[in-house]
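S.K.: 3D, please:
(one chain, ligands or ions: 1)
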Amino acid sequence: MNFDVEYIRRQFPALNRTINGHPAAYLDGPGGTQVPQRVIDKVVEYLVQHNANAGGVFATSIENDAILLNARQAFADFFGCSWEEVSFSQNSTTINFMLAQALVRDLSPGDEIIITDIDHEANRGPWQILKDRGIKILSVGVDTQNCIIDMADYQGKLSQKTKIVAINYASNATGTISDVKTMIQMAHENGAITVVDAVHYALHGAIDVKDIDTDFLFCSAYKFFGPHVGILYAKKDKMSGLRTLKVKAMADVCPYKFETGTLNQEGIAGAAEAVEFIADAGSKYENEFNEDLDGLQGRRRKIVAGMLSFERYERPISDYFKRELGSLSKLKVYSPPSGNPKTSTISFTVEGVSPVKVAEQLAQKGIFVWDGDFYAAEMIKSLNLEESGGLVRVGLTPYNTVEEIDRTLEVVSRLVS
Ligand SMILES: Cc1ncc(COP(=O)(O)O)c(C=O)c1O
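M.R.: The predicted model follows:
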């Protein structure tokens, strides 16, 4: 596949920035991506032309309602579900706290919830506080040699007492993609409800909620070219039965019953345009992925093609980066072994140089990377990196280039020598 990276890059005005005379290299994508002009334009267009609260009979309110419905339909195509299964919120952490507080209303003391050590705190904290209500929280460990979930531990913790399983699709610390489909099937066999954190995964792979069969899944548009908005997929029968945290005036109807107060409507308009950006990229490569797109039509087909094209473009650059890092002495890469599914995110440590120091050296050259625990605090603790400042994390997106990776390697090589 001949991926047209310049076509993508031209759409991101932020890429024109320079730092100390160097072009800015945004390798901080797992913390939040840059935004294409078409998304910025949609946010501005909303505020200039359609700004109104929902449910009125006048022009701007009617337009606002149409924009929100269109956004639900865009995310229905993004997830592979119906628009009535798409709710919006502030961000993923807020979604999960709200979900946990709603689900706990139907739990009893002694019931168990399974979380994992590979998860971001956004998919641990909201469940852990339910300990106050007598709920038992069990956390699945990680195989630290391979940076993957310990499936035997998961199997061992599951039982008829398990009421909720909250798991991670892809680790924002090591890029590990977990076998959520199998984990969800195992949870359902025990009668448990499943919640998937797809925040890191959403930038790197097409989501098919019906295929993995999860009950709930959430992600955040700012991680895939959109504004700061959280999106929840909820299986319709599960949301219908949920006693959400809502005021009486709000209809007890999907998908609105999960949404509190007035939404970030301009942000949602922009988030829907981020989906269109992915679909537009995909429309160039649909023919290359005919086999993978079998049975898919319209915007859903283009979105999946877009995600596949990003993955196909990023994978060789990520493999190259990992190989080159692996050849440097005093450097340790934390990543699942080859053959294990993973995103293009690569994390590492340099012996004798703290992660923040590495990030600072890169920042001097206009290369933006994250250091620390990225709120995947339990994973960092399991890897025994808590005291030494965590990891250096380099994330690839479709607007990054192999030249940016070479610039990164140059700085890191100098540091280790
Ligand atoms: C895997 C993962 N889950 C959850 C979150 C939290 O997302 P939000 O900032 O939208 O609450 C993040 C943010 O970095 C993340 O990477």
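S.K.: For the host helix or strand of S87, name the packing helices and strands.
M.R.: Remark: S87 resides in strand 86-89, with elements defined by DSSP states H and E. Other elements packing on strand 86-89 under the criterion 3 or more CB pairs under 8 Å, 6 or more residues apart in numbering; DSSP states H and E are helix 59-79, helix 92-103, strand 230-234. Glycine gets a C-beta too; all of them are placed from N, C-alpha and C.
S.K.: tell me what the longest strand seen in the chain is packed against?
M.R.: The residue-count maximum for a strand in the chain (DSSP state E) belongs to strand 162-168. With contacts defined as 3+ CB pairs under 8 Å, 6+ apart, the secondary structure elements packing on strand 162-168 are strand 112-116, helix 180-189, strand 193-197.
S.K.: so what's K330 scoring on pLDDT?
M.R.: The pLDDT attached to K330 in the predicted structure is 94.
S.K.: re earlier: ok now the longest strand of the chain, how far from the chain's centre?
M.R.: Averaging C-alpha coordinates over strand 162-168 and over its chain gives two centres that are 18 Å apart (CA atoms, centre = their mean, to the nearest Å).
S.K.: Contacts for stretch 82-94 next, please.
M.R.: 68-69, 71-73, 75-76, 79, 95, 98, 122, 125-126, 197, 199, 209, 218-220, 228-236, 239, 254-256, 258-260, 263-264, 268, 271 (CB atoms under 8 Å, 6 or more residues apart in numbering).
S.K.: buried ones in that stretch?
M.R.: When neighbours are counted by 16 or more other CB atoms under 10 Å, the buried residues of stretch 82-94 are found to be W83, E84, E85, V86, S87, F88, S89, Q90, N91, S92, T93, T94.
S.K.: from these, which single one is nearest S347?
M.R.: Out of the buried residues of stretch 82-94, the one with the shortest distance to S347 is S92. That distance is 20.4 Å, counting by CB to CB.
S.K.: Tell me how far that closest one lies from S220.
M.R.: For S92, the distance to S220 (CB to CB, to the nearest Å) stands at 5 Å.
S.K.: Same question for A202.
M.R.: Using CB to CB, one obtains 8 Å as the distance from A202 to S220.
S.K.: Would you mind telling me which of the two has more residues around it?
M.R.: S220 (28 against 24; other CB atoms under 10 Å).
S.K.: Show me what that one is bridged to.
M.R.: Using DSSP bridges, the beta-bridge partners of S220 come out as G230.
S.K.: hang on, the earlier thing: what would the buried residues of stretch 82-94 look like in CSV with pLDDT?
M.R.: Output for these, formatted as CSV (pLDDT from 0 to 100):
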residue, pLDDT
W83, 98
E84, 98
E85, 98
V86, 98
S87, 98
F88, 98
S89, 98
Q90, 98
N91, 98
S92, 98
T93, 98
T94, 98
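S.K.: when you check the ligand, which of these turn up near it?
M.R.: Contacts with the ligand are made by N91, S92, T93 out of the buried residues of stretch 82-94, judged by CB under 6 Å from any ligand atom.
S.K.: most tightly surrounded among the helices and strands packed on strand 86-89?
M.R.: With neighbours defined by mean count of other CB atoms under 10 Å, none of these is more surrounded on average than strand 230-234, at a mean of 27.
S.K.: Next secondary structure element downstream of that one?
M.R.: Secondary structure here is assigned by DSSP H and E; on that basis, the next helix or strand after strand 230-234 toward the C-terminus is helix 236-240.
S.K.: what's the average pLDDT for that following helix?
M.R.: Predicted confidence along helix 236-240 averages 97 (mean pLDDT).
S.K.: Tell me which residues of that helix come out buried.
M.R.: For helix 236-240, the neighbour count (16+ other CB under 10 Å) marks K238, M239 as buried.
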